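In: Quick check, what structure comes out for this input:
(one chain, ligands or ions: 1)
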Amino acid sequence: MQPHDNLPLSDYIEYPEAEMRTRAQDFYNEIKRRHTVREFSDRPVPREIIDTCLRAAGTAPSGANHQPWHFAVIGSPEMKAQVREKAEQEERAFYNEGRASDEWLDALSVLGTDAHKPYLESAPWLIAIFAQRRGGVEAGMSRKNYYVPESVGIATGFLIGALHHAGLATLTHTPKPMNFLNEICDRPADERPYILLVTGYPAEGATIPVHATIKKPLEDIVSYL
Ligand code: IYR
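Out: Residues are numbered from 1 along each chain as shown. From the prediction side, this is the model:
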């Protein structure tokens with residue numbers, strides 16, 4: 001293939017307008033049922049399902065198509081225990097030892113979160129998402145990457161959507177700092193841990209904070225000009 005070669009857009013599907021309307025509505029109905037869950041069942045989830053969701057994430061657009069992401073998928077009880085121990089250590093400093101400002105803690109009080117993170121051991125899979133400063137369109141390249149946080153954010157969004165679509169619950173966990181993930185996941189120092197995505201079945205009787213169900217109406221998030 002030559003550098004500027006193009007291919008026909010062969011897999012695009014156009015829908016009649018009426019079908020577009022129902023498809024848009026159906027997607028909205030599906031995605032609005034996604035809630036961040038903090039109580040996970042320990043029921044196993046087959047790795048192949050996670051793989052397929054990761055393939056979907058890997059189709060995300062990215063700066064120069066460098067795909068500047070790495071997904072370290074943690075499933076072993078030993079490694080999950082290690083992650084929990086390190087994360088809870090950081091969270092204790094955050095919640096109980098003054099690392100978080102009063103304003104921040106106040107903003108979180110409506111969620112009821114604290115330093116206790118049992119889901120890091122109970123959920124079957126922890127997906128540590130890393131952002132790569134350098135890389136390229138093929139593995140092993142070491143060119144500068146562009147729009148890295150944007151690209152990794154979009155891929156993470158695709159992944160959350162794919163996992164939800166498959167019927168799995170997710171939690172975007174961000175212990176701060178989380179460089180301990182580089183060590184546990186054996187990732188190079190120039191990769192930045194971006195989000196620790198917890199996934200699995202919700203625990204029976206899992207709840208969600210009322211605060212999290214307040215979504216801004218369209219008129220508060222959109223302007224047509
Ligand atoms: N990382 C902490 C604190 C936390 C921060 C924000 I911003 C949240 O929306 C939720 C939690 C924790 O996971 O508890």
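
In: drop to CA atoms for contacts and neighbour counts, all remaining ones
Out: Will do.

In: who in the chain is up against the ligand?
Out: Proximity of the chain to the ligand, by C-alpha under 6 Å from any ligand atom, involves residues 113-115, 173-175.

In: Walk me through the regions of this protein where pLDDT falls short of the threshold, as ranges.
Out: Along the chain, the model assigns pLDDT under 70 to residues 1-3.

In: give me the residue from it nearest the ligand.
Out: Here the residue of the chain nearest the ligand is Pro175; by C-alpha to the nearest ligand atom that distance is 4.2 Å.

In: does the closest residue to that residue other than its chain neighbours sit in a helix or strand, and which one?
Out: Closest residue to Pro175 apart from its sequence neighbours, by C-alpha to C-alpha, 6 or more residues apart in numbering: Ala87 at 5.8 Å. Here Ala87 sits within helix 77-95, counting by DSSP states H and E.

In: For that helix, give me every contacting residue.
Out: When contacts are defined by C-alpha atoms under 8 Å, 6 or more residues apart in numbering, helix 77-95 is touched by residues 74, 99-100, 105, 114-118, 120-121, 126, 175-178, 180-181, 184.

In: Please identify the buried residues of it?
Out: Buried residues in helix 77-95, counted by 16 or more other C-alpha atoms under 10 Å: 79-80, 82-88, 90-91, 94-95.

In: Name the next helix or strand downstream of that helix, please.
Out: Heading C-terminal from helix 77-95 (DSSP H and E), you reach helix 102-109.

In: roughly how far is that following helix from the heart of the chain?
Out: Taking C-alpha atoms, centre = their mean, to the nearest Å, the mean C-alpha location of helix 102-109 is offset from the chain mean by 23 Å.

In: Tell me the first helix or strand C-terminal of that helix.
Out: Downstream of helix 102-109, the next assigned helix or strand under DSSP H and E is helix 119-122.

In: Please write out the alpha-carbon positions of that following helix in CSV.
Out: The C-alpha trace of helix 119-122 is given here as CSV (Å, rounded to 0.1, in the frame of the first residue of the first chain):
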residue,chain,number,x,y,z
TYR,A,119,-14.5,-4.3,44.1
LEU,A,120,-10.9,-4.3,43.1
GLU,A,121,-10.8,-7.9,44.3
SER,A,122,-14.3,-9.1,43.7
